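1. sharing a model that was predicted from the sequence below.
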Amino acid sequence: MNKNTTKTAVMTAFTLAMVAGTVQAGGLERGGYNIDLLFEPSTYAAEAAATYVNPQRELDNVVDINTAPTSGNLNGRPNNGIGETESYWVPRIGVKAGFGDSVDCMADYSQPWGAHTNPGSNWAGANDNIETKIESDNYAATCSYKWDVGQGQFRVIGGAFYQEVGGFKERLVTDLSLVSPTFSGVGRLDLEGNGWGWRTGVAYEIPEYALRASLVYNSAVDLDNLDGTIDLRNTLLPNGVGGFVPGTKYDVSSFASMPDSLELKVQSGIAPGWLAFGSVKWTDWSQLQIIQVNPNSTADPRNLPTSLDLLYRDGWTITGGVGHKFNDQWSGAVSLTWDRGTSHGYGNQTDTWTVGTGVSYAPTENVELRLAGVVGILTSGSSAPMDGSAAEVTYDFGTDIVSAVSTSLKVKF
């Protein structure tokens, strides 16, 4: 396998890895972490990518299990075919530079974490969720040092990243639809925080055979400064003597850690113009269980605590595929990915199976365009309160569809 064939096949493999790792992974994962640009053999390179993901999860047989007078009995509202998920974009931008024969460095911006559910207020589970949205921004710098070992090169990798994470949740706190036209009964929680993380890893490459094996660990990011507000001004709260008073808006604080992860990637040329690739990734989502949110001041009895109930288990993602170079400009690849759902009785993040395919077009040696698509299934299951969660609904969900399309542009010299 000649050098040009090797480079093209490697690029093809990354086309699918980029998309498959993004589509509806467990927990709060969106784009995750990606340092593939660090291995680009050109001295300088810049890359921009965008992925559009369209999950189509629907909830059925929804039952409001908290029918107390304050929260109301919502079982007369729609309870089947509730569209919960929203589509989203995942951007990524990176630049890489080589220094001599041994040192490579890259800087990148990404959005590793996120979530957006929006079933609205007109469903039987509105007292559990009306809309929840989480967003993130990640700024990273990563370098590696390599030297000759045997037929190839051994590489050590290290880096750091800074993350900003924030979002909100709205739910029906008190059902006032038959009582007050003034108060909606909807409460809102807003939180944001930031923190630092680091990564380390090793890799071994034999470019002649397009062989590479890498193992990279990304640390947890402690968001020990989460702060925000709870707004209950549209609700009426019991006053303790048989009446009700309007709620307040007050400052709150919390703590959470975004998960650490460990990923093994392997690829190898298997015939002239052909490349096989695969990866295994573990993500420590189980550290996100019940996130307590407390008021900064309890002087006002209307300043109430709350919680974000996630109750995740660890995530596992396994991908395998094959890439082929058709000619000097065109190459393609296909992959299969299994992602173990992070929900296990509470929530609807069950196992996901996706098939991806993509093409890479290099009109010149300095420019590469990629287009990839993914389609998959979100497996069925059910959700009910567990482990002390404050969930107020139960529901079922069937096998649903997720799809995605990704495009990227790389310039190198």
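-> Perfect, I can see it now.

2. quick one: the strands in the stretch 301-413 of the chain?
-> 306-309, 315-325, 330-339, 352-364, 367-378, 381-383, 393-397, 400-412 (DSSP state E, counting those that start in this stretch).

3. okay if I get the ones you listed as a markdown table plus distance to L211, mean neighbour count and mean pLDDT?
-> Quick note: C-beta positions are derived from backbone N, CA and C, even for glycine. Output for the strands of the stretch 301-413 of the chain, formatted as a markdown table (distance: least, CB to CB, whole Å; neighbours: other CB atoms under 10 Å; pLDDT from 0 to 100):
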| stretch | distance to L211 | mean neighbour count | mean pLDDT |
| --- | --- | --- | --- |
| strand 306-309 | 44 | 19 | 93 |
| strand 315-325 | 14 | 20 | 94 |
| strand 330-339 | 17 | 21 | 93 |
| strand 352-364 | 20 | 19 | 93 |
| strand 367-378 | 21 | 20 | 94 |
| strand 381-383 | 40 | 19 | 96 |
| strand 393-397 | 42 | 21 | 97 |
| strand 400-412 | 21 | 19 | 95 |
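
4. pLDDT score for G21?
-> pLDDT for G21: 50.

5. pLDDT weak spots in this protein?
-> 1-24, 178-180 (pLDDT under 70).

6. which one in it is furthest away from the centre?
-> What lies farthest from the middle of the chain is V241; by CA atoms, centre = their mean that is 46.0 Å.

7. any idea how far that one is from D190?
-> Computed as CB to CB, to the nearest Å, the V241 to D190 distance reads 31 Å.

8. can you show me the strands along the stretch 51-200 of the chain?
-> Counting by DSSP E, counting those that start in this stretch, the stretch 51-200 of the chain has strands at residues 58-64, 82-83, 88-99, 103-110, 115-117, 131-149, 152-172, 186-206.

9. so which of those comes closest to A48?
-> strand 88-99 (5.1 Å; CB to CB).

10. partner strands of that closest one and their direction?
-> In the sheet, strand 88-99 lines up against strand 44-55 (antiparallel), strand 103-110 (antiparallel) (DSSP bridges).

11. list the contacts for E263?
-> By CB atoms under 8 Å, 6 or more residues apart in numbering, the residues touching E263 are 33, 215-216, 218, 279-282.

12. mind putting the strands paired with strand 88-99 in a markdown table, distance to L308 included?
-> Output for the strands paired with strand 88-99, formatted as a markdown table (distance: least, CB to CB, whole Å):
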| stretch | distance to L308 |
| --- | --- |
| strand 44-55 | 20 |
| strand 103-110 | 23 |
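
13. could I get the ones you listed as TSV with mean neighbour count?
-> Shown next, in TSV, are those (neighbours: other CB atoms under 10 Å):
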stretch	mean neighbour count
strand 44-55	19
strand 103-110	19
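
14. of those strands, which approaches K169 most closely?
-> The nearest among the strands paired with strand 88-99, by CB to CB, is strand 44-55 at 18.6 Å.

15. list of residues touching that closest one?
-> 18-19, 22-24, 31, 37, 85, 87-98, 370, 378, 400, 402-413.

16. and if you look at stretch 235-253?
-> Applying CB under 8 Å, 6+ apart, the external contacts of stretch 235-253 come out as 70, 173-174, 176, 179-180, 183-187, 189, 191, 226-234, 293-297, 300-306.

17. right, and P207 touches P41 too?
-> Yes - P207 is within contact range of P41, at 7.1 Å (criterion: CB atoms under 8 Å).

18. show me which of those two is the more surrounded one.
-> The neighbour comparison of P207 against P41 (other CB atoms under 10 Å) goes to P207, with 18 against 14.

19. how close does the more buried one sit to D148?
-> Using CB to CB, we find P207 at a distance of 12 Å from D148.

20. so what's in contact with the two at the same time?
-> By CB under 8 Å, 6+ apart, no residue touches both P207 and D148.

21. I figured R57 was touching D400, is that so?
-> Yes - the criterion here is CB under 8 Å, and R57 meets it with D400 at 4.9 Å.

22. what touches both of the two?
-> Joint contacts of R57 and D400 (CB under 8 Å, 6+ apart) are L378.

23. closest to Y139 out of the strands of the stretch 301-413 of the chain?
-> strand 400-412 (19.3 Å).

24. hmm, who's touching the closest one?
-> 11, 15, 18-19, 22-24, 40, 42, 44-58, 352, 354, 358, 366-378.

25. if we use 6 Å, what do you get?
-> Applying CB atoms under 6 Å, 6 or more residues apart in numbering, the contact partners of strand 400-412 are 19, 23-24, 42, 45-49, 51-57, 366-376, 378.

26. just stretch 289-298 next, same as before
-> For stretch 289-298, the external contacting residues (CB under 6 Å, 6+ apart) are 250-254, 256, 303, 305-309, 311.

27. let's go with 8 Å and repeat that
-> 189, 191, 227, 230, 250-256, 303-312, 387-389.

28. thinking again about what came up before, and D260, which of the strands paired with strand 88-99 is closest to it?
-> Nearest to D260, of all the strands paired with strand 88-99, is strand 103-110, at 16.5 Å by CB to CB.

29. just the CA coordinates of that closest one, formatted as PDB?
-> Below are the C-alpha coordinates for strand 103-110, written out as PDB (Å, rounded to 0.1, in the frame of the first residue of the first chain):
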ATOM      1  CA  VAL A 103       5.900  17.400  18.000                       C
ATOM      2  CA  ASP A 104       2.300  17.900  16.900                       C
ATOM      3  CA  CYS A 105      -0.200  20.300  18.600                       C
ATOM      4  CA  MET A 106      -3.800  21.000  17.900                       C
ATOM      5  CA  ALA A 107      -6.400  23.500  19.300                       C
ATOM      6  CA  ASP A 108     -10.100  22.900  18.900                       C
ATOM      7  CA  TYR A 109     -13.600  24.100  19.900                       C
ATOM      8  CA  SER A 110     -16.400  21.600  20.300                       C
END
